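[1] what follows is a predicted structure for the sequence shown.
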Amino acid sequence: MKFMKLGSKPDSFQTDEDNIRYVATELAADIVVNVGSVKFYLHKFPLLSKSARLQKLVSNSNEENTDEINIHDIPGGPAAFEICAKFCYGMTVTLNAYNVVAARCAAEYLEMYETVEKGNLIYKIDVFLNSSIFRSWKDSIIVLQTTKSLFPWSEELKVVSHCLDSIASKASIDTSKVEWSYTYNRKKLPSENGTDPLWNGVRKSPTVPKDWWVEDLSELQLDLYKRVITTIKAKGRISGDVIGEALHAYALRKLPGFSKGVIQGGDMLKYRSVVETIVRLLPSEKGSVPCGFLLKLLKATMTLECGEVERHELMRRVGQQLEEATVMDLLIRAPVEETTIYDVDMVQRLVEDFVTHEKNARADSLIENEFQEIRSPRFAPDASKAAVAKLIDGYLAEIARDPNLPLSKFVNLAEMVSGFSRQSHDGIYRAIDMYLKVHPGISKSERKRICRLMDCRKLSAEACMHAIQNERLPLRVVVQVLFFEQVRATTSAGNSTPDLPGSIRALLPGGSHGSSRSATTNTEDDWDSVPTAEDIKALKGELATLRLGGGDVGVGNNRSGIDGAKSNAERTAANKKGLIMSKRILSKLWSSKDRSGENSSSETSESPGSTNAEETKSTPSARSGRHSVS
């Protein structure tokens, strides 16, 4: 810390009780100066030689025949007046960042100008400020903090503006020119971790991070911090991401519990002002602030009941970069009056904002690409949509645990991202399964509605295995999963999709229920019902047989590439067996429903016959598997 010593005489100010100050000297005091509740017993000559204001006050007191003068409004109070009085006596005074502004304002109040005496206190303090304090990073911050209690004097004397300019200029300087001390506890530098790379065997000097200044400024009070950040932004030399990092650091420092997304008890009005100020200071560039930080601010605005303007601005910005969020970021607590745990409506509005932003961005990209082919709008937007779809799938799996979550909210949110292309539907399957588990009492139509959100063709092998054995899914869905799993195995070997009966095709996506079944009301109810234990057992047994057949095909294909043991005719026969198996399984399930009293078509009744014909050609292991479920 910089400091300046003034005067050379010993400090002879002494205290008698708490409210009396006097100078230990042989000369008796001839004036009493009342500063607030403190009495100073002093001498007129040294004071009047340097203060024009005291000259006027003493002159007035002489007319009133009194030796006391009152100074109740001097900035800095008794402490600042004592510094000025010691300077008048020529006593040693040490000025530093903590007391220099108070001394400067008090000297201004006492009118200690150069016109009164050369080398007066105001001149000396101004030299100290400009040559030392404003050139020091930390001293400038300390001085700025002290100006708060000295308004409006510090503002009128331009001490505040000089501090702001000094701090903003240093924060905006090239990091290679930063040579002063600063605080940086939030992240360790490579040199501190011992991982700093060497250059020709010599360790390089530590690299100064771009956000080296953010922690020191977090100590400032809100109004001063706002002015500093505004001044830094006005200089235009700091990138938006660094400004965002500074705001994040300030929120962590000033909002207890912010890192966990929950504002803890305290001065809620003060916390609300902090959040609203941070929102207004956010840089305008997209992506300059992490989406997680924006969502924490959004949660804070709801907890602290901030203004609608701030909330809408945050929602708009989150929607622009929703693909960066995590499921935990989106778990926003619902208002107290809601019955659900999480605010699903808020997330739905965020997805709506994302969709709107993507449409506008795509339109802008198409216009730009008419003139210059710089980037392809077909990739980045699609990648963002896929990321958002995966995010919402995970979010649905979390909120599905809420027993009070209405099906309509679950389905509406899922349908918003249903059109987003994604390779796997495992995420939405997990969400659907969780909802069915927590809400076992939903109706058949509701169960059917929620299962329509899932595309069975996009389930992984592990998800298919789970779905086939899942007693919570309607039988229709289980059959679809089983069929598409077999189709995937057979088509990978170069075969076409099995030629299924019309009644089975009706169960698959895009199938028609028209001509193949004339009286299907009871049949539809059965297929949309939850499978019985016997149905699951049958599917498990048939799946084992089917997987065995698929495995034979796979092994044959592998050996053909390595050993060359199988001929094309043998491979074709093995693949055909897999196709027939899928038809046999679906037909068997259908015929079992038919035996229970369902109406079936002529195509359906023929399927078991073709299956039996094929059974006589199957291997012993396949026969034993079928026997276990027949």
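    Structure received.

[2] which residue ranges of the stretch 101-250 of the chain form strands?
    Here the stretch 101-250 of the chain has its strands, by DSSP state E, counting those that start in this stretch, at 198-199, 202-203.

[3] ugh, typo on my part, it should be the stretch 251-400 of the chain
    Assigned by DSSP E, counting those that start in this stretch, the stretch 251-400 of the chain shows no strands.

[4] give me the residue at the spatial middle of the chain.
    For the chain, the residue nearest the mean C-alpha position is residue 292 (0.4 Å; Cα atoms, centre = their mean).

[5] any idea how far residue 344 is from it?
    To residue 344, residue 292 is 19 Å away according to Cβ to Cβ, to the nearest Å. All C-beta atoms are positioned from the backbone trio N, CA, C, and that covers glycine.

[6] do the same with residue 425
    For residue 425 relative to residue 344 (Cβ to Cβ), the value is 21 Å.

[7] same question, residue 74
    60 Å.

[8] where does the residue of the chain most remote from its centre land on pLDDT?
    Largest separation from the mean C-alpha position in the chain: residue 65, at 71.2 Å (Cα atoms, centre = their mean). Residue 65 carries a pLDDT value of 76.

[9] phi, psi of it?
    Here is the backbone geometry of residue 65 (degrees, to the nearest 10): phi 50, psi 50.

[10] need phi/psi at the residue nearest to residue 287 when sequence neighbours are not counted.
    Leaving aside its sequence neighbours, residue 287 sits nearest to residue 321 (Cβ to Cβ, 6 or more residues apart in numbering; 6.0 Å). Main-chain dihedrals, residue 321, degrees, to the nearest 10: phi -140, psi 40.

[11] contacts only, for residue 321.
    Residues near residue 321 by Cβ atoms under 8 Å, 6 or more residues apart in numbering: 286-287, 291, 294.

[12] which among these count as buried?
    With burial judged by 16 or more other Cβ atoms under 10 Å, the buried subset of those is 291, 294.

[13] out of the contacts of residue 321, flag the one nearest to residue 229.
    residue 294 (17.0 Å; Cβ to Cβ).

[14] gap between that closest one and residue 319?
    For residue 294 relative to residue 319 (Cβ to Cβ), the value is 10 Å.

[15] and what of residue 122?
    Per Cβ to Cβ, residue 122 is found 55 Å from residue 319.

[16] swap in residue 119?
    Taken as Cβ to Cβ, the span from residue 119 to residue 319 is 63 Å.

[17] more neighbours: which of those two?
    Remark: of residue 119 and residue 319, residue 319 carries more neighbours, 21 against 10, as counted by other Cβ atoms under 10 Å.

[18] which residue sits closest to that one, ignoring its sequence neighbours?
    Residue 319's closest residue in space is residue 353 (Cβ to Cβ, 6+ apart), at 2.5 Å.

[19] so what's residue 153 up against?
    So residue 153 contacts 75, 105, 108-109 (Cβ under 8 Å, 6+ apart).

[20] cross the residues you listed against helices and list the overlap.
    Using DSSP state H, the members of those that fall within helices are 105, 108-109.

[21] distance to residue 255 added to those residues, as CSV?
    Output for those, formatted as CSV (distance: Cβ to Cβ, whole Å):
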residue, distance to residue 255
105, 32
108, 37
109, 38
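
[22] with neighbour count and distance to residue 245 added, can I get those residues in TSV?
    Formatted as TSV, those follow (neighbours: other Cβ atoms under 10 Å; distance: Cβ to Cβ, whole Å):
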residue	neighbour count	distance to residue 245
105	26	35
108	20	38
109	19	41
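
[23] from these, which is closest to residue 334?
    Closest to residue 334, out of all of the ones in helices among the contacts of residue 153 and judged by Cβ to Cβ, is residue 105, at 51.7 Å.

[24] residue 83 versus the closest one, what's the distance?
    11 Å.

[25] identify the contacts common to these two.
    With Cβ under 8 Å, 6+ apart as the test, residue 105 and residue 83 both reach residue 76.

[26] hey, where'd the helices end up in the stretch 351-500 of the chain?
    Using DSSP state H, counting those that start in this stretch, the helices assigned to the stretch 351-500 of the chain run over residues 380-399, 407-416, 426-438, 444-451, 461-468, 475-491.

[27] how about JSON lines for the ones you listed, with mean pLDDT and mean neighbour count added?
    As requested, the helices of the stretch 351-500 of the chain are exported to JSON lines (pLDDT from 0 to 100; neighbours: other Cβ atoms under 10 Å):
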{"stretch": "helix 380-399", "mean pLDDT": "90", "mean neighbour count": "20"}
{"stretch": "helix 407-416", "mean pLDDT": "95", "mean neighbour count": "17"}
{"stretch": "helix 426-438", "mean pLDDT": "95", "mean neighbour count": "21"}
{"stretch": "helix 444-451", "mean pLDDT": "92", "mean neighbour count": "17"}
{"stretch": "helix 461-468", "mean pLDDT": "89", "mean neighbour count": "17"}
{"stretch": "helix 475-491", "mean pLDDT": "80", "mean neighbour count": "22"}
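
[28] among the ones you listed, which is nearest residue 168?
    Taking the helices of the stretch 351-500 of the chain one by one with Cβ to Cβ, helix 380-399 is closest: 35.0 Å.

[29] and residue 411, what does it touch?
    449-450, 453.

[30] equivalent analysis for residue 459, please.
    424-426, 429, 467, 481, 484.

[31] go again with 7 Å.
    425-426, 429, 467, 481 (Cβ atoms under 7 Å, 6 or more residues apart in numbering).

[32] what's the local residue count around the nearest residue to residue 357 once chain neighbours are set aside?
    Spatial nearest neighbour of residue 357, chain neighbours left out: residue 320 (4.9 Å); criterion: Cβ to Cβ, 6+ apart. Residue 320: 21 surrounding residues under other Cβ under 10 Å.
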